[in-house]
Structures are given as C-alpha cells and as structure tokens.
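Asks: sequence first, predicted coordinates after that:
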Amino acid sequence: MSSPEITLTRKNNISTIEFYHPKGNSFPSSQLKRLTGVINEAGNDTESRVIVLKSRGNAAFCAGASFDELLEIKDYAEGKEFFMGFARVINAMRLCPKLTIVRVQGKVVGGGVGLAAAADYTLAAKNASVKLSELALGIGPFVVGPAVERKIGIAAFGALAIDARNWRGAKWARQKGLYMNIYDSITGLDEAVEKLADDLSESSPEAMSALKRVLWQGTDHWDKLLEERAEISGRLVLSEFTRNFIRDFKLKK
C-alpha cells in the first residue's frame, strides 16, 4: 500500500496541490498539517496566480477524517488539536490571496465537503455524491459547518448534517451551489478545470486578490469560530458512542 502524500507543482502561473491517502484520500493530522503549509506556500508564491486543489485517483475525492487516528485520541487536548487540523486548512483556503479551484472527481465525505465548500470555485464529476456523516459518528459537522453553510445556505446544510447516513447526488450539490458545474466524465472535468485555471492564470493578480476579499467578506471571525467548533468535536470524539461506532464500522470493512 502506497504512502500518504501531498505534492505542490507550478506550471504557467498555476499551482496544483494534489493530496493522496490509500484509505479513500482520508486525512490524518499529519496530512492536514502538511496541506495547510502547502496552501500557504502556494498562496505566497509570487509566480503563481491561481491554485488547483485535487486528490489523486479516480475514486473518492476525500473520505474525511482518518478513523484510525480518531480511535487513538486519548483526551480533550488531542481531540481539539485533531479537529483544529481541518480548521487550519479551511482558514488557509479562506485567507489565501489566490483564487482556488477544487476538482472533485468522486464521492466526498465529512471534512472533504468542507474542502469543496471552502474553494472559490468547485467543479465535479457526475458521480461526486456528498455526505456529512459526522452526526452518525456522534461528533457533528461543526468545524466544516461554517464553510458549508456559507456556500449552500443553512437549510441545505441542515439537510446534509441531519440526514447523516445518506448520500446527496452531484446534481443536488450543484443545485445548492456547492458545485459550479458537473461533468459526465473525468476527461470533461479535467478539461474544464484546465480551461478555467488557464483563463485565471492570465488575469490580473491584484484584481483576483481583491475579488477574493469581497467573496469572503463577513468571515473575519472564523479563526475564533472554527477553534470553538474544534473544541466541541474534540469533546464529543471521546464519547463511547463515537468510539463504538468507529470500531463497528472498521469491523465491517
């Protein structure tokens, strides 16, 4: 089984970040820390004008938090720090001066939905269904909630958060505004991502940075908000309900 990896490449003023984990492109804390750093690096690169965020492979885009690591959390401090990993990634995307395109080629769960929502522009394949499974685990989608709610509205976020065991299709996600467009094939998706990234790579960096600030107006309090949300999940992840759910889920795999 290959090792987790995050790569950053730049070509023609386009920075491409690709993440990979052998278990459904899920995120342990080390991957979240690395992703935050890479987003900041790409955002500070004066030779880059736009960022494309994608995961490797044609299966799941992101399976969310690493269940293996969730089971290893021993106390509240560790729990909060784990979920702060997602908070830092979302805030890095929010504060990045570059416009960010997210390519979603497959199913998206939990924290992965947060990544799709924190993008400035998200394009997806027709099979890129979404699910916020956190309530079923006993923790709730607290950290990703502000990003998802900002993108699709409180009613649609509530529907995803409450109906935590069922998938919503890519067409639903597009109708609600999570995806800007969906494509019948991976080839079509990649062509659309490349075309948009190429167009933005020739646009004014100053204008795009100014537009980014406009798009994210009203989120200046998110550093504190997402930390408070990480504290909620950090407590709940220690519950017997959550630990039993994860153990049962892993036994079924």
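Replies: Everything's here; your move. Residues are numbered from 1 along each chain as shown.

Asks: helices along this protein, start to end?
Replies: With helices called from DSSP state H, the chain shows them at 29-44, 67-72, 76-95, 111-118, 134-137, 145-152, 154-162, 170-176, 186-201, 205-215, 222-236, 240-252.

Asks: need those in JSON lines with mean pLDDT, can you?
Replies: Formatted as JSON lines, the helices of the chain follow (pLDDT from 0 to 100):
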{"stretch": "helix 29-44", "mean pLDDT": "98"}
{"stretch": "helix 67-72", "mean pLDDT": "91"}
{"stretch": "helix 76-95", "mean pLDDT": "98"}
{"stretch": "helix 111-118", "mean pLDDT": "98"}
{"stretch": "helix 134-137", "mean pLDDT": "94"}
{"stretch": "helix 145-152", "mean pLDDT": "98"}
{"stretch": "helix 154-162", "mean pLDDT": "98"}
{"stretch": "helix 170-176", "mean pLDDT": "98"}
{"stretch": "helix 186-201", "mean pLDDT": "98"}
{"stretch": "helix 205-215", "mean pLDDT": "97"}
{"stretch": "helix 222-236", "mean pLDDT": "97"}
{"stretch": "helix 240-252", "mean pLDDT": "84"}
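
Asks: most tightly surrounded among the ones you listed?
Replies: helix 111-118 (a mean of 28; mean count of other Cβ atoms under 10 Å). C-beta here means a position set from N, CA and C on the backbone, and glycine is covered the same way.

Asks: export that helix to PDB, keeping only CA atoms.
Replies: Output of helix 111-118 as PDB, limited to C-alpha atoms (Å, rounded to 0.1, in the frame of the first residue of the first chain):
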ATOM      1  CA  GLY A 111     -14.100  17.100   6.000                       C
ATOM      2  CA  GLY A 112     -13.900  16.600   2.300                       C
ATOM      3  CA  VAL A 113     -17.200  18.500   1.900                       C
ATOM      4  CA  GLY A 114     -15.500  21.300   3.900                       C
ATOM      5  CA  LEU A 115     -12.700  21.500   1.300                       C
ATOM      6  CA  ALA A 116     -15.100  21.600  -1.500                       C
ATOM      7  CA  ALA A 117     -17.100  24.300   0.200                       C
ATOM      8  CA  ALA A 118     -14.000  26.400   1.100                       C
END
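
Asks: just checking, what packs against that helix?
Replies: helix 76-95, strand 99-104, strand 130-131, helix 145-152 (3 or more Cβ pairs under 8 Å, 6 or more residues apart in numbering; DSSP states H and E).

Asks: between those, which gets nearest to L123?
Replies: L123 sits nearest to strand 99-104 of all the helices and strands packed on helix 111-118, at 6.1 Å, using Cβ to Cβ.

Asks: what packs against that closest one?
Replies: Taking 3+ Cβ pairs under 8 Å, 6+ apart as the contact cut, strand 99-104 packs with strand 50-55, helix 111-118, strand 121-125, helix 186-201, helix 205-215.

Asks: so which of the helices of the chain comes closest to N13?
Replies: helix 186-201 (4.1 Å).

Asks: report the distance from that closest one to the chain centre.
Replies: When distances are taken as Cα atoms, centre = their mean, to the nearest Å, helix 186-201 is centred 19 Å away from the chain's centroid.

Asks: just use 25 as the starting number from now, easier for me
Replies: Understood, numbering begins at 25; the last thing we discussed is helix 210-225.

Asks: next, the angle from it to strand 74-79.
Replies: Put simply, helix 210-225 runs at 160 degrees to strand 74-79, going by axes from the mean of the first three to the mean of the last three Cα atoms, to 10 degrees.

Asks: which strands or helices does helix 210-225 pack on?
Replies: strand 38-44, strand 74-79, strand 123-128, strand 145-149, strand 205-207.
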